[in-house]
Structures are given as C-alpha cells and as structure tokens.
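Fold the following.
(one chain, ligands or ions: 1)
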Amino acid sequence: MSTMLEEMNRARKEGYALGAFNFFNFLSAQAVIEAAEECHKPVILQTSVKTVKYYGARELHAMVADLLKNSKVPAFLHLDHCKDVAFAKECVDAGWDSIMIDASAHPFEENIRMTKEASDYAHAHGVFSEGELGVITGVEEDVVADVEKLADYDDTVKFAAATGIDFMAPAIGTAHGVYKKTPHLNFELVERLGKDLPQPIVCHGGTGLSDDTFRKLISLGIAKVNISTALKHAYIDGAEKYARETPDDYEPLHLEQAMFDSVKAVAKHHIEVFANGR
Ligand SMILES: [Zn+2]
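The predicted structure follows:
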C-alpha cells in the first residue's frame with residue numbers, strides 16, 4: 001500500500017494531481033471514492049475542522065475507515081485548515097493519514113513554530129503534514145479573510161525547510177468559496193516552487209477555476225487540488241432538483257441516490273481534469 005506522500009510525489013513526477021475533496025457525511029465520502037475508482041486515480045478525502053467537531057474525531061474516522069481500506073484506488077484521510085495544534089494532534093491520534101496545520105494568520109516565526117510542532121507530532125506517529133504561507137482569501141471555517149497576501153518565494157522555501165512539512169500550500173491568488181471575478185494567479189511563483197521545492201505543492205480554493213487553469217497549475221507542479229464548495233453545491237442542488245422534479249416521492253433512498261449521483265459527477269469531472277495536467 002502506497003503512502004499519501006508517495007502518491008503525491010508520483011503525481012508531481014507524472015504530471016497529474018490528486019483531488020482532495022471536503023466530504024461531510026458518509027454519502028459524500030462514498031461518492032468521491034466511487035468517482036476516483038472509476039477514474040483509476042488516487043484520491044484524498046479531507047475534512048474541515050467543523051465537520052470533525054460535528055461528528056467527533058473518532059466517530060468520523062470510524063465512519064470512513066472501511067471505505068478507505070476497501071477502496072480499489074489509494075485513498076487517504078486528510079485534515080484541512082486546522083488552526084489549533086492540539087486539535088491537529090487529536091486527529092493524528094484518531095487515525096488521520098495527514099493533517100494541515102494552518103498558522104498562516106500568525107507572524108512568520110510563529111507560523112513556523114506552530115507548524116513545526118504539529119508536523120513533528122504527526123511525523124512521530126507516521127502521519128504527514130501540510131502547512132500554509134500567505135493569506136488565501138474567502139470564507140473558511142466561517143471566518144472571512146478579505147485582504148489577500150500572496151506567499152513570497154524566498155519565505156516559502158525557508159518556511160518549508162524550517163517546518164519540515166510534507167506538503168506546501170502557498171497563497172498563489174486562489175480563494176475559498178465562489179469566485180466573484182476571475183482570480184489573478186501567480187503562475188510564476190508556482191513554476192519556481194514547482195522546480196525548486198522538495199515538497200509537493202497544494203492548491204487551495206479549487207472550486208470555480210477553469211479546467212485550463214487547473215491544467216496549467218498542474219503542469220507547473222501542483223500535486224493536490226482542494227475542492228470543497230463545488231461538492232457542497234452538488235449535494236444541496238442534487239437534493240433540491242430531486243424534490244422539485246418528484247414532489248410526491250417520499251422514499252428517502254431515492255433522494256439519497258440523486259444526491260449521491262450529483263456529488264459523484266462533480267468529483268469525477270474534477271478527477272478527470274486533474275488526471276490530464278500535462
Ligand atoms: Zn483551503
């Protein structure tokens with residue numbers, strides 16, 4: 001069985017990226033896994049801190065453990081945007097494959113200190129780590145960041161080395177949530193980091209970027225693309241469409257199936273695009 005780091009390095013080398021999808025219940029997790037299996041691509045199931053708190057870390061891990069274990073493609077459980085070192089450690093203990101510690105709101109040195117602490121703990125337990133530098137705008141865990149601060153090349157190289165993280169998420173101009181206008185991405189930064197950084201690079205705020213933008217980012221070295229908002233929309237829109245079109249159907253499993261199909265189609269589209277980076 002390959003590890004998440006091995007799969008990320010293979011993706012980087014071969015010019016594709018892993019989709020990392022924020023699931024929120026068993027249905028959405030299952031839909032993502034089935035999409036990845038049909039594409040024969042490894043995949044990352046990731047959880048927001050909010051989702052972990054809703055279910056409890058051990059309960060949420062148990063919910064998807066068999067699904068991950070029995071998946072026909074390599075599939076991993078990752079914690080997205082955790083701002084609290086203690087909570088990241090809790091997910092390490094509960095069995096996550098990888099955790100993201102996001103101390104990017106803190107000054108540079110404090111970001112390094114917090115990220116290294118969480119990363120060292122993860123590594124001591126055979127778990128991988130992701131860190132962030134700069135400010136990615138948009139809504140994340142109900143907190144709105146509206147002043148963008150792109151990562152700097154030298155700082156990113158220094159940060160990645162000093163923290164010992166496995167995956168690097170620099171702010172490159174993408175945003176969380178729904179784009180109101182076309183974002184200006186720093187492709188040059190991605191290209192330089194893609195060439196020089198030992199760690200694979202992660203793109204946050206994937207929802208709403210064009211397929212061409214995904215392909216360009218992946219060709220420059222992005223090995224993991226986070227998709228959250230698109231999955232939530234597919235889930236709710238799938239339910240709304242089903243209820244509207246069949247107002248007299250009160251069989252819950254029919255509704256579940258419609259939502260499943262909707263989430264799976266969106267996940268599959270992204271995995272297919274990410275599979276053809278170069
Ligand atoms: Zn993010």
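
CA only for contacts and neighbour counts going forward, please
Will do.

can you give me the helices in this structure?
4-14, 26-39, 49-55, 57-69, 85-94, 108-124, 153-163, 187-196, 211-219, 229-245, 252-274 (DSSP state H).

okay, the ones you listed in a markdown table with mean neighbour count, distance to residue 140 and mean pLDDT next?
As requested, the helices of the chain are exported to a markdown table (neighbours: other CA atoms under 10 Å; distance: least, CA to CA, whole Å; pLDDT from 0 to 100):
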| stretch | mean neighbour count | distance to residue 140 | mean pLDDT |
| --- | --- | --- | --- |
| helix 4-14 | 19 | 24 | 97 |
| helix 26-39 | 21 | 19 | 98 |
| helix 49-55 | 16 | 10 | 98 |
| helix 57-69 | 16 | 19 | 98 |
| helix 85-94 | 19 | 16 | 98 |
| helix 108-124 | 19 | 18 | 98 |
| helix 153-163 | 17 | 22 | 97 |
| helix 187-196 | 17 | 22 | 96 |
| helix 211-219 | 20 | 21 | 96 |
| helix 229-245 | 17 | 10 | 98 |
| helix 252-274 | 20 | 20 | 98 |
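
any chance of these in CSV, with distance to residue 20 too?
Listed next are the helices of the chain as CSV, based on distance: least, CA to CA, whole Å:
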stretch, distance to residue 20
helix 4-14, 11
helix 26-39, 9
helix 49-55, 15
helix 57-69, 14
helix 85-94, 17
helix 108-124, 19
helix 153-163, 21
helix 187-196, 18
helix 211-219, 13
helix 229-245, 11
helix 252-274, 9
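
Residue 179 is nearest to which of those?
Minimum separation from residue 179 across the helices of the chain (CA to CA) falls at helix 229-245, 10.6 Å.

Now find how far off-centre the closest one is within its chain.
21 Å (CA atoms, centre = their mean, to the nearest Å).

tell me what that helix is packed against?
Helix 229-245 is packed against helix 252-274, with contacts defined by 3 or more CA pairs under 8 Å, 6 or more residues apart in numbering; DSSP states H and E.

Give me the contact list for the helix it packs on.
16-19, 21, 27-28, 31-32, 34-36, 39, 41, 211, 214-215, 218, 230-231, 234-239, 242-243 (CA atoms under 8 Å, 6 or more residues apart in numbering).

report the angle between the axes of that helix and helix 26-39?
Relative orientation of helix 252-274 and helix 26-39, computed by axes from the mean of the first three to the mean of the last three CA atoms, to 10 degrees: 40 degrees.

Could you write out the alpha-carbon coordinates of helix 252-274 in CSV?
Extracted in CSV, the C-alpha atoms of helix 252-274 (Å, rounded to 0.1, in the frame of the first residue of the first chain):
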residue,chain,number,x,y,z
PRO,A,252,-35.5,8.6,1.3
LEU,A,253,-33.2,6.3,-0.6
HIS,A,254,-34.3,7.7,-3.9
LEU,A,255,-33.4,11.2,-2.7
GLU,A,256,-30.1,9.9,-1.3
GLN,A,257,-29.3,8.3,-4.7
ALA,A,258,-30.0,11.6,-6.5
MET,A,259,-27.6,13.5,-4.1
PHE,A,260,-25.0,10.7,-4.5
ASP,A,261,-25.1,10.9,-8.3
SER,A,262,-24.8,14.7,-8.2
VAL,A,263,-21.8,14.7,-5.8
LYS,A,264,-20.1,11.8,-7.7
ALA,A,265,-20.5,13.6,-11.1
VAL,A,266,-18.8,16.7,-9.8
ALA,A,267,-16.0,14.8,-8.1
LYS,A,268,-15.5,12.7,-11.3
HIS,A,269,-15.2,15.8,-13.5
HIS,A,270,-12.5,17.3,-11.3
ILE,A,271,-10.6,14.0,-11.0
GLU,A,272,-10.6,13.6,-14.8
VAL,A,273,-9.3,17.2,-15.3
PHE,A,274,-6.6,16.7,-12.7
